[in-house]
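Asker: structure for the following, please:
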Amino acid sequence: MVAQKKGETALKSKNNVMDSQIMTVLVILFALIIFFSFMSNGFFSQKNLYNILQQVAVIGIITVAQTFVIITSGIDLSQGAIIGLTTVISAMCMVDLKLPIPIAVIAGLLVGIGIGAANGVLIAHLGLPAFIATLGTMSVTEAIALLIKGGNDIYNLPNAISEFGRQGLGEILPNIAIIMIIIVIAMHILLKKTSFGRYTYAVGSNATAAKFSGVKVKRVLFKTYLLAGLLCGVAGIIMMCRMNGGVAIAGKGYQMNSISAVVIGGGSLFGGEGSIVGAIIGAFIMVILSNGLQIMGISSYWQQFITGIVLVSAVLFDTLRRKKTME
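Answerer: Below is the predicted model:
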């Protein structure tokens, strides 16, 4: 009884800390919005806000995927490569093989599922560190995407693809943002209200203790990377609709944005901490930061520099916060 009360107290304390972090990143998000609105008259234009929602759709979905992975104390570097290969495979199915759109979409999703399963086997069953395993699958996936069409992009997709990518609920909410919202809600429920979500936190907090408590650690890890692969496949389909084409390097570097978003949103690279809500706020911060800098005419090289600084700062803050907690 005493142990149970201590556990409940610790969980309540962790939830309070997470709520505080979410409030902090919300303040940062609003501060960025206010800053860029003063720096550029076009920031609050309907066209730009619509563009922001289109941009955040892809990053938001892979950030959700990265959240599950990071909570288990892992990392997924293959996300950008999965997006690229998914766009190529789905586009090739429609343009070269003349397959119906639903079949092409399923083929793209199977790409994500397959690579996610490969990551799961390498990490959960073969014991490879997540960094090494996903770095390897990233390299292989990128190579396959480039080899399939010799590095050439695939265009001339059916009109329905580009229309879906451009259109939305009036001129307010893009179709692809609606998909992201649905995924965010579903994954929030999965993480917070199901046994799989509880096991995910348990594995990330202490895999050995979780194993002795009856949690099938390998199964949880495999399912986590399988889910992450599926979500990246969805992000790839959305990216294909946005670009109206298959581009092998379409998602290059996107995994760094998702990692940054998760850590900014309160996730810990040491595992056991994180939330879908905080991560999505982090994703909006990354997108608005990039969008605002573009509107201000800042060079893309400086944008990359600033993004790197944000990532390092977020990780440093996470490390210092963890050390302070352990003292």
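
Asker: under the pLDDT cut-off, which ranges of this structure? List them.
Answerer: For the chain, applying pLDDT under 70 flags the ranges 1-18, 322, 325-327.

Asker: please repeat the previous calculation with a cut-off of 50.
Answerer: The chain contains residues with pLDDT under 50 at 1-11.

Asker: and the strands in it?
Answerer: In the chain, the strands defined using DSSP state E lie at 168-169, 173-174.

Asker: residues touching residue 53, list them.
Answerer: Counting by C-beta atoms under 8 Å, 6 or more residues apart in numbering, residue 53 makes contact with 173, 174, 177. (Each C-beta comes from the backbone N, C-alpha and C, glycine too.)

Asker: and these, which are buried?
Answerer: By neighbour count, with 16 or more other C-beta atoms under 10 Å, those hold 174, 177 as buried.

Asker: and which of the contacts of residue 53 is nearest to residue 259?
Answerer: residue 177 (21.7 Å; C-beta to C-beta).

Asker: correct me, but that closest one touches residue 59?
Answerer: No - assessed by C-beta atoms under 8 Å, residue 177 is found out of contact with residue 59, at 11.3 Å.

Asker: how far away is residue 52 from residue 60?
Answerer: For residue 52, the distance to residue 60 (C-beta to C-beta, to the nearest Å) stands at 11 Å.

Asker: these two: who's more crowded?
Answerer: residue 60 (29 against 20; other C-beta atoms under 10 Å).

Asker: these two touch, right, that one and residue 280?
Answerer: Yes - at 5.7 Å, residue 60 counts as touching residue 280 under the criterion of C-beta under 8 Å.

Asker: name the residues contacting each of these two.
Answerer: Common neighbours of residue 60 and residue 280 (C-beta under 8 Å, 6+ apart) are residue 184.

Asker: CSV for the strands of the chain, including distance to residue 193?
Answerer: Listed next are the strands of the chain as CSV, based on distance: least, C-beta to C-beta, whole Å:
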stretch, distance to residue 193
strand 168-169, 27
strand 173-174, 26
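
Asker: would you tell me which of the ones you listed gets closest to residue 29?
Answerer: Each of those has some distance to residue 29 by C-beta to C-beta; the shortest is strand 173-174, at 18.4 Å.

Asker: now do the contacts for residue 162.
Answerer: Per C-beta under 8 Å, 6+ apart, neighbours of residue 162: 241, 244.

Asker: oh, I was asking about residue 257
Answerer: Neighbour list for residue 257: 59, 63, 283, 286, 307 [criterion: C-beta under 8 Å, 6+ apart].

Asker: tell me which two of those residues sit farthest apart.
Answerer: 63 and 307 (14.1 Å).

Asker: among the contacts of residue 257, which one has the most neighbours?
Answerer: Neighbour counts for the contacts of residue 257 peak at residue 63, which has 36 neighbours (criterion: other C-beta under 10 Å).

Asker: didn't that one look like it was pressed against residue 264?
Answerer: No - judged on C-beta under 8 Å, residue 63 makes no contact with residue 264 at a distance of 9.8 Å.

Asker: okay, and the common contacts of those two?
Answerer: Common neighbours of residue 63 and residue 264 (C-beta under 8 Å, 6+ apart) are residue 282.

Asker: ok, back up a step: for residue 88, state which of the contacts of residue 53 is nearest.
Answerer: Among the contacts of residue 53, and counting by C-beta to C-beta, the member closest to residue 88 is residue 174, at 22.9 Å.
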